[in-house]
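> Just to be clear, the model below is a prediction. Sequence and coordinates:
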Amino acid sequence: MFKRIAAAVVLALGLGLGLTVPAQAATVIGGLSVEAACDTQRGAITYAVLIGPNAYDWRCRLNLGGTSGYYSVDLNRECQRVYGGNTWATPLNSNDPYSWRCWR
């Protein structure tokens with residue numbers, strides 16, 4: 001009886017290990033345009049500006065007569081717009097604002 005139980009446990013563990021899916025590393029699929037992201041998300045009357053030295057300092061700037069301001073830009077959304085679902089934006093170097101890439 002013990003041998004049957006042990007064999008069943010070993011078989012179940014072996015099947016479970018055989019069904020695992022290996023993890024895949026994320027892959028860079030292309031670059032992105034912060035300017036295009038501003039146009040799409042905030043309208044053609046905005047433009048991309050850096051308000052600081054690092055990758056996370058991009059904003060969309062509105063300057064329309066007496067109305068002006070800085071607005072956030074969603075670079076994940078831009079990657080999904082350009083490359084489709086299941087994509088996201090990450091900079092290669094957080095100190096380099098021009099190092100943004102789209103990943104899958």
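Sure, I can see it. Residues are numbered from 1 along each chain as shown.
> Point out where the protein drops to low pLDDT.
Applying pLDDT under 70 to the chain flags the ranges 1-21.
> Nearest the middle, which residue of it would you pick?
W88 (1.6 Å; C-alpha atoms, centre = their mean).
> does the closest residue in space to that residue that isn't next to it in sequence sit in a helix, a strand or a coil?
Nearest residue to W88 in three dimensions, chain neighbours excluded: N76, at 4.9 Å (C-beta to C-beta, 6 or more residues apart in numbering). C-beta here means a position set from N, CA and C on the backbone, and glycine is covered the same way. Look at N76: counting by DSSP: H, G, I helix; E, B strand; the rest coil, its state is helix.
> Looking at the protein, which strand is longest?
strand 58-64 (DSSP state E).
> So which bits of that strand are buried?
Across strand 58-64, burial judged by 16 or more other C-beta atoms under 10 Å covers W58, R59, C60, R61, L62.
> The helix or strand following that strand to strand 58-64, inter-axis angle?
Note on strand 58-64: by DSSP states H and E, the next helix or strand toward the C-terminus is strand 67-71. Here strand 67-71 points in a direction 170 degrees away from that of strand 58-64 (axes from the mean of the first three to the mean of the last three C-alpha atoms, to 10 degrees).
> For this protein, just list every one of the helices.
Using DSSP state H, the helices found in the chain span residues 2-18, 34-42, 75-83.
> what's the neighbour count on the residue lying closest to R101 once chain neighbours are set aside?
Once flanking residues are discounted, R101 sits nearest to V28: 4.7 Å by C-beta to C-beta, 6+ apart. Under the neighbour criterion other C-beta atoms under 10 Å, V28 is assigned a count of 11.
> A48 against V73, yeah?
Yes. Using C-beta atoms under 8 Å, A48 is in contact with V73, at 7.1 Å.
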